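**Student:** With the input below, show me the fold.
(one chain, ligands or ions: 2)
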Amino acid sequence: MSNKSVPVKPVRAPLAELIEQEIPSAPQRRVFLKQSAALAGTAVGAGMAGQAAAGALEIPASMTTPGRPLGAYGQPAAELDKLQRGILKPYGDLAPGAGVTMTPLEELDGMITPNGLHFERHHNGIPDIKAAEHRLVIHGLVERNLSFSMEALLRYPRVSRICFIECSGNSFFNTFAEPMQMSCGMLNGLVSCTEWTGVSLRLLLEEAGLKPEANWLLAEGADAAGMSRSVPLAKALDDAILALFQNGEPIRPEQGYPVRLLLPGWEGNMNVKWLRRLKITQGPTHTRDETSKYTDMLTDGSAEQFTFPMAVKSVITRPSQGQTLSAPGFYEISGIAWSGEGKIDRVEVSTDNGATWTDATLVEPVLDKALTRFRLPWEWDGQATQLMSRAHDSTGAVQPLRAAWKSRYHAVNIHHYNAIQIWAINATGEVSNVYA
Ligand SMILES: Nc1nc2c(c(=O)[nH]1)N[C@H]1C(S)=C(S)[C@@H](COP(=O)(O)O)O[C@H]1N2
Ligand SMILES: [Mo]
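**Tutor:** Ligands and ions are numbered 1, 2, ... in the order given. The predicted structure is shown next:
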C-alpha cells in the first residue's frame, strides 16, 4: 500500500481482526499493514487477533500445490454441502413425488435464485420428458389448431423477464396456532426469482387466431398429476411467457422442462409446468386444481376462488430464525420484498418491537413482480428485541399484521398468507419466530 492516505472516514471500528506484522504476499511487492487498536475493548480481544494474524501470514497450501482439474459443469464449494433446499413430503413413501422443496432464503443474497435452489412444488413427481418428443398444442376457440415441436418453438423471437414465482401455500406454517421454530427458508421459501426467457404467449395466440367468444384458456401439464388451471385471456395476452430458459440455461426438469407457462406475479400453481395443451375457452373450466384446491376458506365458511395475483409481502432473511448474533454491535438487516400487483415502493423495518419504523434501502434494480432486496444498517445494543419488515407496493397495498390476515380467513385456510414475519432476538443473540 502506498503512503497516500485514504480520504474516507471509517463509519465504525473494523469488524476484521488487526494485523501488525509484515505480510509476505507477492514476492515482488511488500505489504505492510498497521492499524490503530480500534477494536481494543470489544469482543475480539488481542489474543484472538494475534492468532488470526499468524494464520493470515502463512502461505496456504493452495498456493504451493496445483488446484483441481477443470470441470464441465460448475458446482458450489465442496464445503457448502448443506446449502440445500429443505424437503417436505407430506405423504412420505405413499407419493414420494408429491410435496415441496424450499429455497434456503437465509443462505442467499441478491434478488436472483440459483437454478439448483429454486423452490419446487410437484403434485405427482417430475416427469422425464424428452424435448424431441414433446408437443405443445393450442386448440379450442381458435381459427386453427396448432401443434408446436420444441424445435419450432425455439425458432420464435424470444422475450426475457426477471420475476418471482410464489406458491400460494407459502408461509403456511405461520398460519398455525403456535409459531414454528424453523429457518426463514423452511417458513417462507416457497418463493424464488429467476430470469425467464421464452416466447410471448400473445404471439402464438395471434397465430392460432382467437374466435370472438374466446375469453379464457385451460393450461394442462404433461405430468402424472395432469395439473390444469384456467387463465383469463387478458393475462395470457398481457405478459404470459412460454418459458424455455431459466437464468440463461434451459429450464430444469423441476421447473417444467422443456416448456412451462409463466404468468408473472400470479399464484405459483397457475404457472403450469411441462405444458402440453392450451385450450381456448369461453369461461373457466373449473378443474380439480381450482375447485377442491387453491381456494381460500373465509370466516363464514364460504370460499374465494381465483385469487390470482400474489399480494405484497416481505421477509427479513438476515438475521433470521436459527441464527445467533455473536456480540452487540453492527449488523446489516437484509431481506426480500415482492408483490404480484406491481413494484415494491417501500420497505419499512422495525428493530424495536414495532414501536418505530425506518425505511430500508431498496437495492436496484427494483423490478415489477420481481424480488426486491432491501438493506438497513443496524447497531444491536445487546438487549432482547423484535425485528420485522413491512412492504408497500406500487398500488398502495401494505403488508398486514398476522392478526389482521387471520381475521379475514377461516382457521383452516393456509393459502395466500402475506402477513408480517417477526423475528425475536433474545439477550444472548438467538433469533426465533414469534407472533405479535
Ligand atoms: N404440471 C404441473 N405444473 C405445476 C405443478 C405441478 O405439480 N404440475 N405445481 C404447481 C405449483 S402448486 C407451483 S407453486 C409451481 C411451482 O413451480 P416450481 O416448482 O418451478 O417452483 O408450479 C405449478 N405448476
Ligand atoms: Mo403451489
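**Student:** Name the residues of stretch 350-361 that come out as buried.
**Tutor:** 350-351, 360 (16 or more other Cβ atoms under 10 Å). In this view, the C-beta of every residue, glycine as well, is placed from N, C-alpha and C.
**Student:** Out of these, which comes closest to ligand 2?
**Tutor:** Ala360 (28.1 Å; Cβ to the ion).
**Student:** Wait, the closest one touches Leu376, no?
**Tutor:** Yes. Counting by Cβ atoms under 8 Å, Leu376 is a contact partner of Ala360 at 4.2 Å.
**Student:** what residues are shared contacts of those two?
**Tutor:** Contact criterion Cβ atoms under 8 Å, 6 or more residues apart in numbering; residues shared by Ala360 and Leu376: 333, 349.
**Student:** Get me the contact residues on the stretch 101-250 of the chain for ligand 1.
**Tutor:** Applying Cβ under 6 Å from any ligand atom, we find that the stretch 101-250 of the chain lies next to ligand 1 at 118-123, 165, 167, 221, 223, 225, 227.
**Student:** try 8 Å
**Tutor:** Along the stretch 101-250 of the chain, the residues adjacent to ligand 1 under the rule Cβ under 8 Å from any ligand atom are 118-124, 165-169, 190, 192, 220-223, 225-228.
**Student:** near ligand 2 too, which of these?
**Tutor:** Filtering these for neighbours of ligand 2 using Cβ under 5 Å from the ion leaves 121, 167.
**Student:** The residues of the stretch 101-250 of the chain next to ligand 1 in strands, which ones?
**Tutor:** 120-122, 165-166, 192, 220-221, 228 (DSSP state E).
**Student:** Residues of the stretch 101-250 of the chain that sit close to ligand 2?
**Tutor:** Close to ligand 2, as judged by Cβ under 5 Å from the ion, the stretch 101-250 of the chain has residues 121, 167.
**Student:** ok, which stretches of the stretch 101-250 of the chain are strands?
**Tutor:** In the stretch 101-250 of the chain, the strands defined using DSSP state E, counting those that start in this stretch lie at 120-122, 135-140, 146-149, 159-166, 191-200, 216-221, 228-232, 241-246, 249-250.
**Student:** Relative to Glu267, which of the ones you listed is closest?
**Tutor:** strand 159-166 (7.3 Å; Cβ to Cβ).
**Student:** got the buried residues for that closest one?
**Tutor:** Quick answer for strand 159-166 (16+ other Cβ under 10 Å): 159, 161-166.
**Student:** a markdown table for these, including pLDDT?
**Tutor:** Putting these into a markdown table (pLDDT from 0 to 100) gives the following:
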| residue | pLDDT |
| --- | --- |
| Val159 | 98 |
| Arg161 | 98 |
| Ile162 | 98 |
| Cys163 | 98 |
| Phe164 | 98 |
| Ile165 | 98 |
| Glu166 | 98 |
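**Student:** now, among those residues, which is nearest to Gln305?
**Tutor:** Glu166 (18.6 Å).
**Student:** What's the local residue count around the closest residue in space to the closest one that isn't next to it in sequence?
**Tutor:** Leaving aside its sequence neighbours, Glu166 sits nearest to Val191 (Cβ to Cβ, 6 or more residues apart in numbering; 4.0 Å). Around Val191 there are 25 other residues, counting by other Cβ atoms under 10 Å.
**Student:** I figured Val191 hits Gly169, correct?
**Tutor:** No. With contact taken as Cβ under 8 Å, Val191 and Gly169 are classed as non-touching, separated by 10.8 Å.
**Student:** My guess is Asn170 contacts Gly185. True?
**Tutor:** No. Counting by Cβ under 8 Å, Asn170 stays clear of Gly185, with 10.9 Å between them.
**Student:** who's the residue nearest to the spatial centre of the chain bridged to?
**Tutor:** Nearest to the mean C-alpha position of the chain, counting by Cα atoms, centre = their mean, stands Ser192 at 2.8 Å. Beta-bridge pairing of Ser192 under DSSP bridges involves Ile165.
**Student:** try the one 4 residues further on
**Tutor:** Applying DSSP bridges to Trp196 yields these beta-bridge partners: Arg161, Gln246.
**Student:** ok, it - contacts?
**Tutor:** Contacts of Trp196 (Cβ under 8 Å, 6+ apart): 160-163, 241, 243, 245-246, 251, 262.
**Student:** Using CSV, lay out the residues you listed together with distance to Ala16.
**Tutor:** Formatted as CSV, these follow (distance: Cβ to Cβ, whole Å):
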residue, distance to Ala16
Ser160, 39
Arg161, 40
Ile162, 34
Cys163, 38
Ile241, 45
Ala243, 43
Phe245, 40
Gln246, 37
Ile251, 41
Leu262, 43
